[in-house]
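Student: below are the sequence and a predicted model for it; my questions follow.
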Amino acid sequence: PKWASMAVHEHDLVKLDNGTFVLFYTGFDGSGDQGGIATSRDLISWRFAPDPVLTHRTKPPFPALASQAFWDGGHVRPRSLTRLGDWFYVLYEGANTEPAGSKHLQGCWDDSVGLARSRNLLDWDMDWPKELAVSQQPGDGFDSLWTGWPRAVVRGSHVFIFYAAGGFDFQAAGTHHYATTGVRVVPVADFQNWAL
């Protein structure tokens, strides 16, 4: 698709009960990463939705200031697609195009992990009341600078969210150090409760 003309990356692949494969991917055209859907029956021939289905949020009437309106106004990258009952849930990585004050280090995005849901994979609700599924933590711990690359595993009444993270020692003297992995455990009921 045109909106993903410069890059297609960072995806998750699931198989639906009817045998259809769904690829939830990130596309880029120079204006920020967004999420798209493609489907296939044989993993060879793919049908792409023409427009992004998970978009970085804007707040009219000032689209130029959209990145300042939402924590995920700069980019969204779908990472982990899960079905719970009649709903699909996706953990996505998002960031604002503006540095998050003193926490920002040059060359690093201030990513956090959000949650969106959909009944049909095309229309996504990003207004989860808790907003962030895996937020950056205060202080200078391993996940104090950014959190991203989430993967969800549902076991019983809990969702285990594995994620990559970086703290203040992630970047020093212009050299990137390795990220580390964390886990957060969230009750399934919290994923499913979207009441304000």
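Tutor: Arrived safely.
Student: contacts, neighbours, all on C-alpha from now
Tutor: OK.
Student: spatially, what comes nearest to A164 if we skip its sequence neighbours?
Tutor: Leaving aside its sequence neighbours, A164 sits nearest to T181 (C-alpha to C-alpha, 6 or more residues apart in numbering; 4.5 Å).
Student: ok, the one you found - contacts?
Tutor: For T181, the contact set (C-alpha atoms under 8 Å, 6 or more residues apart in numbering) comprises 162-165.
Student: most neighbours of all those residues, which one?
Tutor: Tallying neighbours with other C-alpha atoms under 10 Å puts A165 at the head of the contacts of T181, with 25 neighbours.
Student: report pLDDT for it.
Tutor: Listed pLDDT for A165 reads 89.
Student: do the same with D125
Tutor: D125 carries a pLDDT score of 93 in this model.
Student: across the sheet, point out what pairs with A152.
Tutor: Here A152 sits in beta bridges with I161, going by DSSP bridges.
Student: nope, V8 is what I meant
Tutor: Beta-bridge partners, per DSSP bridges, of V8: G27.
Student: strands of this structure, start to end?
Tutor: Per DSSP state E, the chain carries strands over the ranges 7-15, 21-28, 34-40, 47-48, 75-84, 87-95, 112-118, 132-134, 146-155, 158-166, 171-172, 175-176, 180-187.
Student: please name whichever of the ones you listed is nearest to A195.
Tutor: strand 112-118 (13.1 Å; C-alpha to C-alpha).
Student: quick one: the closest one to chain centroid distance?
Tutor: Distance of strand 112-118 from the chain centroid (C-alpha atoms, centre = their mean, to the nearest Å) equals 6 Å.
Student: which strands or helices does it pack on?
Tutor: Counting contacts by 3 or more C-alpha pairs under 8 Å, 6 or more residues apart in numbering; DSSP states H and E, strand 112-118 packs against strand 87-95, strand 132-134, strand 146-155.
Student: tell me the centre residue of this protein?
Tutor: The residue lying closest to the centre of the chain (C-alpha atoms, centre = their mean) is Y92, at 1.2 Å.
Student: okay, F168: pLDDT?
Tutor: Predicted confidence (pLDDT) for F168: 69.
Student: follow-up on the earlier one: distance to W194 for the strands of the chain - can I get that in JSON lines?
Tutor: Shown next, in JSON lines, are the strands of the chain (distance: least, C-alpha to C-alpha, whole Å):
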{"stretch": "strand 7-15", "distance to W194": "24"}
{"stretch": "strand 21-28", "distance to W194": "22"}
{"stretch": "strand 34-40", "distance to W194": "21"}
{"stretch": "strand 47-48", "distance to W194": "29"}
{"stretch": "strand 75-84", "distance to W194": "14"}
{"stretch": "strand 87-95", "distance to W194": "12"}
{"stretch": "strand 112-118", "distance to W194": "10"}
{"stretch": "strand 132-134", "distance to W194": "13"}
{"stretch": "strand 146-155", "distance to W194": "18"}
{"stretch": "strand 158-166", "distance to W194": "16"}
{"stretch": "strand 171-172", "distance to W194": "36"}
{"stretch": "strand 175-176", "distance to W194": "38"}
{"stretch": "strand 180-187", "distance to W194": "13"}
